[in-house]
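**Q** following is a predicted model, sequence given first.
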Amino acid sequence: MKETISIVNRKGGVGKTATAHALGAGLSQRGYKILFIDLDSQCNLTYDLGIANRVPLSAMEVLTGTASTEEAIVSTKYGDLLAGSPSLAGADIAIDGTGKEYRLAEALEPVKDRYDYIIIDTPVALGTLTINALTASDSAIIPAQADLHSLQGIQLLNEVVSAVQKYTNKDLTIKGILITRYNGRAILSKDMKANLERIAEELHTKVFNTPVRECISVKEAQAVQESIFSYSPRSNASKDYNAVLDEILKG
């Protein structure tokens, strides 16, 4: 099954990039062909995938039409990458005109059949880049911590998802809410998990069965530009992300 998945949340610090990296790397490890797309001007996913220096062509050049997707794609040990760039910070101004919401979908058309999964890491701002990502996607995964701010972020995100479903991508679905940095011993986490499950019902989706537990190995893996699976295959995060992948692949 070929699928394009956006990793989205209105709130930062919820493990969005870590989730994009882990899901893509895990799928690659299982034999699937992966294209990562980094739409965040901070370029964290690009760095985590081992591309430390700024690439000559990035997602920004593709979205503004100054380069083709084929020209801009670079290879990493976990799959291909359409890299991020600091210039993406100006995307809301640089990407304009009729049909601007479809720029990414159109750019992916010549290459998408090469890949089993396309994983898109989105910025925090719910602007042009996130709308392009959702318009180009089959589904979205929402990483969220079991806290009040994450709940508020999901509610704001739902307004954007609903608008995309109405105007630019009627087939977009929310694959699920993924609880990250979870501490099952904390009473607050347990209460917020119940609230996330209620919100998931309102969004006609689910909370993934396995929350990703708080784990220092995630940050350590990012620091050395490794996936959580290659850096610490026995860590809690590695086990949890593998369980999430099992759930995704089972549909």
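**A** Everything's here; your move. Since this is a predicted model, take the numbers as computed values, not measurements. Residues are numbered from 1 along each chain as shown.

**Q** which elements pack onto the biggest helix by length in the chain?
**A** Taking DSSP state H as the criterion, the chain has its longest helix at helix 148-167. Here helix 148-167 touches helix 128-136, strand 139-144, helix 187-202, going by 3 or more Cβ pairs under 8 Å, 6 or more residues apart in numbering; DSSP states H and E. Every residue, glycine included, has its C-beta placed from N, CA and C.

**Q** what is the rounded mean pLDDT of it?
**A** For helix 148-167, the mean pLDDT works out to 84.

**Q** can I get the helices and strands packed on helix 148-167 in TSV including mean neighbour count and distance to residue 153?
**A** Below are the helices and strands packed on helix 148-167 laid out as TSV (neighbours: other Cβ atoms under 10 Å; distance: least, Cβ to Cβ, whole Å):
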stretch	mean neighbour count	distance to residue 153
helix 128-136	25	12
strand 139-144	25	7
helix 187-202	14	11
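
**Q** beta partners for residue 178?
**A** With DSSP bridges applied, residue 178 shows beta-bridge pairing to residue 143.

**Q** so who does residue 3 touch?
**A** The neighbourhood of residue 3, defined by Cβ atoms under 8 Å, 6 or more residues apart in numbering, consists of 116, 117, 118, 138, 139.

**Q** and for the second one, the neighbour number?
**A** Per other Cβ atoms under 10 Å, the neighbour tally for residue 117 reads 21.

**Q** for the third one, same thing?
**A** A count of neighbours around residue 118, defined by other Cβ under 10 Å, yields 27.

**Q** try the fourth one
**A** Using other Cβ under 10 Å, residue 138 has 17 other residues around it.

**Q** any idea how far residue 170 is from it?
**A** Residue 138 sits 12 Å away from residue 170, going by Cβ to Cβ, to the nearest Å.

**Q** ok, now residue 68?
**A** 28 Å.

**Q** one more: residue 221?
**A** In terms of Cβ to Cβ, residue 221 sits 37 Å off from residue 170.

**Q** who's more crowded, those two?
**A** Neighbours were tallied for residue 221 and for residue 170 using other Cβ under 10 Å; the higher tally belongs to residue 221 (25 against 8).
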